[in-house]
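1. What shape does this take:
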Amino acid sequence: MNQPIQNRTENQPVKGWHGSLELAYAQSGTATQMVSSKATAPLKIQRPFYPEGEGVCHSVILHTAGGIVGGDSLGQSIHLQANTHALITTAAAAKIYRSIGEVARQTIHIQVDSGAYCEWLPQETIIFNGAIYRQNLRIELALNARVLLWEINRFGRSARGETFVQGEWRSQTEIWQEGSPLWIDRQHLKGSESAVASDHALAGFPIVATLAWIGDPVTPELVQEARSLWEGRSSSSQGEAGVTRLTHGLLCRYRGSSTPEVRNWFSEVWQLLRLSFIGRPSCPPRVWPI
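-> Alright, predicted model coming up:
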């Protein structure tokens, strides 16, 4: 049986989980089917759901160990074959625990073939004070392929009054098409009192979040609609947000205090993009909190 931490003597190092997940989707008639799934602990995939009909496969990834610790190394490889549509999320918020010095790593590679559409929508990641975490996400888009992704990160367990004054977080997201970069985003935060307070870092807020739509150019009018969706709620918010038009898509950023607030805004932008580009309303996965 795969063990997360071996029994050790005084001279033996701690060894973390080395879990993996491989998924493949293919088109069968008008249906998107998960045709291959391989997982090793602590990662696991639930059976597919079809709340929107057979054309969109909803998939839920589970982390059965409950959280990621220093020394863990997790890898995911996901392939959407031509003309498929998969929505991939997580069963619960991810937790990155305090480290005694070892790095926790997660590497995700997603290949999206021609005519396919991937929605990568994990739930919130909670980065505990003292965590040391690296995440690398690389997406390879074929021509006429699309991806919508978001990342919502909470630094420190805010409900307990914890802030991110120790540790380190790095996130690198790359989207490529036929050997050319469409969007590369590198973020780095080293935990400290100054980082928590600085206007160039957290500015006193615990949450930073990003939504990106890549694969189709958007109009200035659609960018303004996305901004208006935030402006409609900003009067009751203490958070900050912005929308940027990219060469091949749209980028939304958030810095604030409320996971429901950013998730609701991102969901409204998701609805806007879905209706504009594929003529289908959004359908929140059943595992998301109401």
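2. Chain neighbours aside, what residue packs nearest to Thr125?
-> Excluding its sequence neighbours, the residue lying closest to Thr125 (C-beta to C-beta, 6 or more residues apart in numbering) is Ala94, at 4.4 Å. Glycine gets a C-beta too; all of them are placed from N, C-alpha and C.
3. how close does that neighbour sit to Gly55?
-> Ala94 sits 28 Å away from Gly55, going by C-beta to C-beta, to the nearest Å.
4. Neighbour count for the two, which is higher?
-> Ala94 (21 against 16; other C-beta atoms under 10 Å).
5. Report pLDDT for the more buried one.
-> Note on Ala94: pLDDT of 97.
6. biggest helix in the chain, by residue count?
-> The helix that spans the most residues within the chain, counting by DSSP state H, is helix 259-277.
7. Mind listing what's buried along that helix?
-> Buried residues in helix 259-277, counting neighbours by 16 or more other C-beta atoms under 10 Å, are found at 259, 261-263, 265-274, 277.
8. How about stretch 275-290?
-> Buried residues in stretch 275-290 (16+ other C-beta under 10 Å): Phe277, Ser282, Cys283, Pro284, Pro285.
9. Need the contact partners of that stretch.
-> For stretch 275-290, contacts defined as C-beta atoms under 8 Å, 6 or more residues apart in numbering pick out 49, 51-52, 56, 58, 60, 85, 87, 89-92, 117, 121, 123, 146, 216, 218, 222, 260, 263, 267, 270-271, 274.
10. Those, buried ones only, as a PyMOL selection?
-> Buried members of those, defined by 16+ other C-beta under 10 Å, are picked up in PyMOL with:
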select buried, resi 49+56+58+60+85+87+89+90+91+117+121+123+146+218+222+263+267+270+271+274
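11. Okay, and which of the contacts of stretch 275-290 map to helices?
-> Leu222, Pro260, Arg263, Ser267, Trp270, Gln271, Arg274.
12. so which of the residues you listed comes closest to Ser237?
-> Taking C-beta to C-beta as the measure, Ser237 lies nearest Pro260 of those, at 11.0 Å.
13. Nearest residue to the closest one in space, please, no chain neighbours.
-> Pro289 (7.9 Å).
14. Give me the three-state assignment for that neighbour.
-> Assigned with DSSP: H, G, I helix; E, B strand; the rest coil, Pro289 falls in the coil class.
15. so what pLDDT did it get?
-> As summarised for this prediction, Pro289 has a pLDDT of 87.
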